[in-house]
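Student: Structure for this input, please:
(chains A and B)
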Protein chains: 2
Amino acid sequence: MTALAHAALDQLTELLGSRCLTDAESAARYGVDWTKVWAPAPCAVVLPETAEEVQQIVEIANEHGLPLVPSGGRTGLSAAAVAADGELVVAFDRMNKILDFNEYDRAVTVQPGVVTQQLQEFAEQQGLFYPVDFASTGSSQIGGNINTNAGGIKVIRYGMTRDWISGLKVVTGRGDLLDLNKGLIKNATGYDLRHLFIGSEGTLGFVVEATVRLTRAPRDLTALVLGAPGFREVMKVLHAFQKDIDLTAFEFFSDKAMGHVLQHGVAAPFDTECPFYCLLEFEQLSEQVGERAMEIFEHCVEQGWVLDGVMSQSLGQLRQLWQLRERISESIAPHTPYKNDISVTISKVPDFVEDVDKVVQDAYPDFEIVWFGHIGDGNMHLNILKPADLAKEEFFQRCGEVSKWVFEIVARYNGSISAEHGVGMTKKPYLGYSRSEEDIDAMKAIKAVFDPNNIMNPGKLFDV
Amino acid sequence: MTALAHAALDQLTELLGSRCLTDAESAARYGVDWTKVWAPAPCAVVLPETAEEVQQIVEIANEHGLPLVPSGGRTGLSAAAVAADGELVVAFDRMNKILDFNEYDRAVTVQPGVVTQQLQEFAEQQGLFYPVDFASTGSSQIGGNINTNAGGIKVIRYGMTRDWISGLKVVTGRGDLLDLNKGLIKNATGYDLRHLFIGSEGTLGFVVEATVRLTRAPRDLTALVLGAPGFREVMKVLHAFQKDIDLTAFEFFSDKAMGHVLQHGVAAPFDTECPFYCLLEFEQLSEQVGERAMEIFEHCVEQGWVLDGVMSQSLGQLRQLWQLRERISESIAPHTPYKNDISVTISKVPDFVEDVDKVVQDAYPDFEIVWFGHIGDGNMHLNILKPADLAKEEFFQRCGEVSKWVFEIVARYNGSISAEHGVGMTKKPYLGYSRSEEDIDAMKAIKAVFDPNNIMNPGKLFDV
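Tutor: A predicted model of the protein is given here:
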């Protein structure tokens, strides 16, 4: 640790007492996310309890040039919340209170350390619903969700985290406390800085409070799992349903994904084996809706777009069908998957998948590719599985080469190299495949506006 | 005209030929919006046809320090698109083409000069729907809608313009062409600059192309007009319906507004006179939904929240009920209304309206106040009518004083001094009532990033 860091830590200890942690265990616990590529090496961990304390921490950091890394639920998949280089970790675990709720506004004001599931359960207790839902809701925190603009499995109906944040308080790299949009629905008073901070990965400032909108809970959710002969047919099925029915989800997975999840102990939806599967969900708000869904299903079968299918008749069946999609990740985990989280506009998905498949299979015929994802949003998770006999290091090195080819195709299709996982450190070298040089220059200049000393999560997203 | 402007005009004429207009009639036509407070005095008007031409215009403007004002449908209500000080007007009327549509993406790519109604009709032809709807759709242009983040009457269900723009091409004040978000639904690759440009009133750059999402058209729309004894009861009605029914609109208007619109020739919905009225609308997707609406209506009557009401039984009746709300503006137009477009969070609306009413009536008992607006979003239009015997100048001067008091109350309630009309020149002196000094400093620094020579709509929003 440098002399400067020592001086800063003295001040931080004076400010926070036992909430400034320098032990190795805390460093290892708070300094990482789910990526596990970089080893955690923070100089210390602080646990502020108020926005004022966050401001004071930023002030001390500015004084000493000490880089700060925010830490939420540590479930990130892009190493945006990893402190690998002597940074001070600012962990929001102690700022975990629900501050306010108003039933007329249908809005809840929370501290950033509130866990997603805690918010979902609070909403349920009020007879309402927080609809942004994804695998890590049990430990991810609202502050982190905002920093990555988390998406998940219900985006087709409910949008991203961005769409639910009506107010945001942030402490910028200058130490200013900005109170952005104040929970308003309509507010046309200049640049909406709220949206600039959402998805900025903690590089401009840290979220210290958020006002989150809630909505009515979905009713009588019903799922269909359908098997299709090809990807183009999956798109036709999406189109046919979307015309008439408000879908709450439209997920897809390949036959390989289905194979893994069945081996993992989930029950098959039907006997017919198909190259592709989709899971679609909707609210069966009346009998007519259910009947219409059956008509569209039958039309899809007649057209040859669907080979087989099943519709849930109960909440139990609904949950069982969702297992087919939700348990894919854990079913392939033993194969050390190399994950890419990419998106293109929906209409381009079939050509895009074909192009990527060809490139990867041509170069690495020994690699198994497992596709699944949120196809209703054009978001695909491309998983490459490690052959059992290949060393982990060599596998990841070869996957790195594959990534470049994949991202070249992404760029050709005007897509995104990170649909919902963020950039952090893992995608930083590839940012130019999705953002232009002028874009990146503008982002750097905007960072300088809010964080002139580059202390807010430096080295993430881009290097300044 | 200055020598510099002359030199710039020579270059512009060379570039655009007869699409560089210097006649007085064009200046008067293109240099104003609906506010009519400032007299138009541009040095000239240019009509680009391509993004490249816009870039060349910006280049010439930078070279000569010539300020530019964007001009769309000229329906703005904040003088954001007024050229009152020798600026060059860049009018987008010739960039009015629909460029692309994809039924799988349910997205349409348009030039900025496409008129809102043209987009709505195009969507309808594709069996789809563009849901952002407001009074000036017949002449407002998409580029202008994006610049003010237009809202309107269906925000409670469909959100603002912001929520429908999946891709945005802008020419910045540096002359860079930025291609933002590219029509993607999910894209987590750094700061979402798209949202920074939406609502920026042309002060950072000009929109040259937009990708707009469409959705399924609403079915079997049904409206209820209800009379309530007070504002608190209106809120209870909103709450009761919103719990169970997905509202597509929840508008309100006062007894005074009802009086004007009835005098204007619109038929009364029922005989009972009430202090407040609300109009709510929903899709009657099944008989159950209609029955549930009737049950809630009856519950509201039993509770004393509703004094009388009517539900539309046909499309004709639906349209007739909407007249009660939609024709208020024209019914009060002869009284030279002074308009304020303000918002607070929904739960604060009753107290807020009470406070504003008291202040205005105490100071100016001779002024008639007409309230109406989009109460489901907390957005109220406060109209002060000119007494017949008061001169227009004195009336506006006294209303200016009233505005300050109103905005002080807005600030106390953490509200917005401009909910959906923007800031432009009319609200510029009052921006500090809704945005902090640090906010405004950050906005100015961001403007400098994209527009270092301050040529993009200078003097609007704030002075740099």
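Student: Can you classify residue A:175 by secondary structure?
Tutor: coil (DSSP: H, G, I helix; E, B strand; the rest coil).
Student: do the one 4 residues further on as well
Tutor: When the structure is split into helix, strand and coil by three-state DSSP, residue A:179 lands in strand.
Student: Over to the closest residue to it other than its chain neighbours: give its phi and psi.
Tutor: Counting by Cβ to Cβ, 6 or more residues apart in numbering or on different chains, residue A:179 lies nearest to residue A:169, which is 5.3 Å off, once chain neighbours are set aside. C-beta here means a position set from N, CA and C on the backbone, and glycine is covered the same way. Main-chain dihedrals, residue A:169, degrees, to the nearest 10: phi -110, psi 130.
Student: ok, the closest residue to chain B within the stretch 201-350 of chain A - contacts?
Tutor: Closest residue of the stretch 201-350 of chain A to chain B, Cβ to the nearest Cβ: residue A:286 (3.3 Å). If you count contacts by Cβ atoms under 8 Å, 6 or more residues apart in numbering or on different chains, residue A:286 has them with B:285-289.
Student: swap in residue A:86?
Tutor: A:1-2, A:5, A:41-43, A:67.
Student: Can you give me the distance of residue A:252 to residue A:355?
Tutor: Using Cβ to Cβ, to the nearest Å, residue A:252 is found at 17 Å from residue A:355.
Student: just checking, residue A:237 touches residue A:307?
Tutor: No - at 11.0 Å, residue A:237 does not count as touching residue A:307 under the criterion of Cβ atoms under 8 Å.
Student: Report the set of residues contacting both of the two.
Tutor: Residues touching both residue A:237 and residue A:307 (Cβ under 8 Å, 6+ apart) are residue A:228.
Student: These two: who's more crowded?
Tutor: residue A:237 (26 against 19; other Cβ atoms under 10 Å in any protein chain shown).
Student: Which secondary structure state does that one sit in?
Tutor: With three-state DSSP as the criterion, residue A:237 was assigned helix.
Student: mind listing what it touches?
Tutor: When contacts are taken as Cβ under 8 Å, 6+ apart, residue A:237 is in contact with A:226, A:228, A:278, A:280, A:300, A:305-306.
Student: and those residues as a markdown table, adding secondary structure?
Tutor: What follows is the contacts of residue A:237, written out as a markdown table (three-state DSSP):
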| residue | secondary structure |
| --- | --- |
| A:226 | strand |
| A:228 | strand |
| A:278 | strand |
| A:280 | strand |
| A:300 | helix |
| A:305 | coil |
| A:306 | coil |
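Student: Derive a PyMOL selection command for the buried subset of the residues you listed.
Tutor: Only the buried entries of these go into this PyMOL selection, using 16 or more other Cβ atoms under 10 Å in any protein chain shown:
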select buried, chain A and resi 226+228+278+280+300+305+306
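Student: Which one of the residues in the stretch 101-250 of chain A is closest to chain B?
Tutor: For the stretch 101-250 of chain A, Cβ to the nearest Cβ, closest residue to chain B: residue A:195, 3.5 Å.
Student: Please determine how far residue A:435 is located from chain B.
Tutor: Distance, residue A:435 to chain B, by Cβ to the nearest Cβ, to the nearest Å: 6 Å.
Student: Dihedrals phi and psi, that residue?
Tutor: Residue torsions, per degrees, to the nearest 10, at residue A:435 are phi -120, psi 140.
Student: got it, and residue A:29?
Tutor: phi -80, psi -50.
Student: Quick check: it vs residue A:48, distance?
Tutor: Using Cβ to Cβ, we find residue A:29 at a distance of 17 Å from residue A:48.
Student: Neighbour count: those two, which is higher?
Tutor: Neighbour comparison, residue A:29 and residue A:48: the larger count goes to residue A:48, with 26 against 16 (by other Cβ under 10 Å).
Student: Could I get the contacting residues of the more buried one?
Tutor: Contacts of residue A:48 by Cβ under 8 Å, 6+ apart are A:16, A:19, A:54, A:57, A:90, A:92, A:94-95.
Student: ok, of these, which one's closest to residue B:258?
Tutor: residue A:95 (48.2 Å; Cβ to Cβ).
Student: burial count for that closest one?
Tutor: Neighbours of residue A:95 (other Cβ under 10 Å): 24.
Student: Give me the three-state assignment for it.
Tutor: Note that with three-state DSSP, the state of residue A:95 is coil.
Student: residues touching the spatially closest residue to it that is not a sequence neighbour, list them.
Tutor: In this structure, residue A:95 finds its nearest non-sequential neighbour in residue A:111, 3.9 Å apart by Cβ to Cβ, 6+ apart. Contact analysis of residue A:111 by Cβ under 8 Å, 6+ apart lists A:92, A:95-99, A:143, A:208-209.
Student: any idea which element residue A:227 lies in?
Tutor: strand A:221-228 (DSSP states H and E).
Student: Give the pairing partners of that strand; include direction for each.
Tutor: In the sheet, strand A:221-228 lines up against strand A:276-283 (antiparallel), strand A:308-311 (antiparallel) (DSSP bridges).
Student: so is residue A:240 in a helix, a strand, or just coil?
Tutor: For residue A:240, the secondary-structure state derived from three-state DSSP is helix.
Student: contact partners of stretch A:453-464?
Tutor: A:58, A:61-62, A:65-70, A:79-81, A:85, A:87, A:172-173, A:200-206, A:423-425, A:428, A:431, A:440, A:443-444, A:447-448, A:450, B:190.
Student: which of those residues are buried?
Tutor: A:58, A:61-62, A:66-70, A:79-81, A:87, A:172-173, A:200-206, A:423-425, A:428, A:431, A:440, A:443-444, A:447, A:450, B:190.
Student: rewinding a little: from the contacts of residue A:86, pick the one nearest chain B.
Tutor: residue A:67 (18.9 Å).
Student: quick one: the helices in the stretch 301-450 of chain A?
Tutor: Taking DSSP state H, counting those that start in this stretch, the helices of the stretch 301-450 of chain A run over residues A:315-326, A:328-332, A:349-363, A:392-412, A:437-450.
Student: picking up where we left off before, got CSV for the contacts of residue A:111, with pLDDT too?
Tutor: Listed next are these as CSV, based on pLDDT from 0 to 100:
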residue, pLDDT
A:92, 98
A:95, 98
A:96, 98
A:97, 98
A:98, 98
A:99, 98
A:143, 98
A:208, 98
A:209, 98
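Student: what would those residues look like in a markdown table with distance to residue B:152?
Tutor: Output for these, formatted as a markdown table (distance: Cβ to Cβ, whole Å):
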| residue | distance to residue B:152 |
| --- | --- |
| A:92 | 38 |
| A:95 | 37 |
| A:96 | 38 |
| A:97 | 37 |
| A:98 | 33 |
| A:99 | 32 |
| A:143 | 33 |
| A:208 | 33 |
| A:209 | 30 |
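Student: right, and out of these, which lies closest to residue B:405?
Tutor: The closest of those, once distances to residue B:405 are taken by Cβ to Cβ, is residue A:209, at 29.6 Å.
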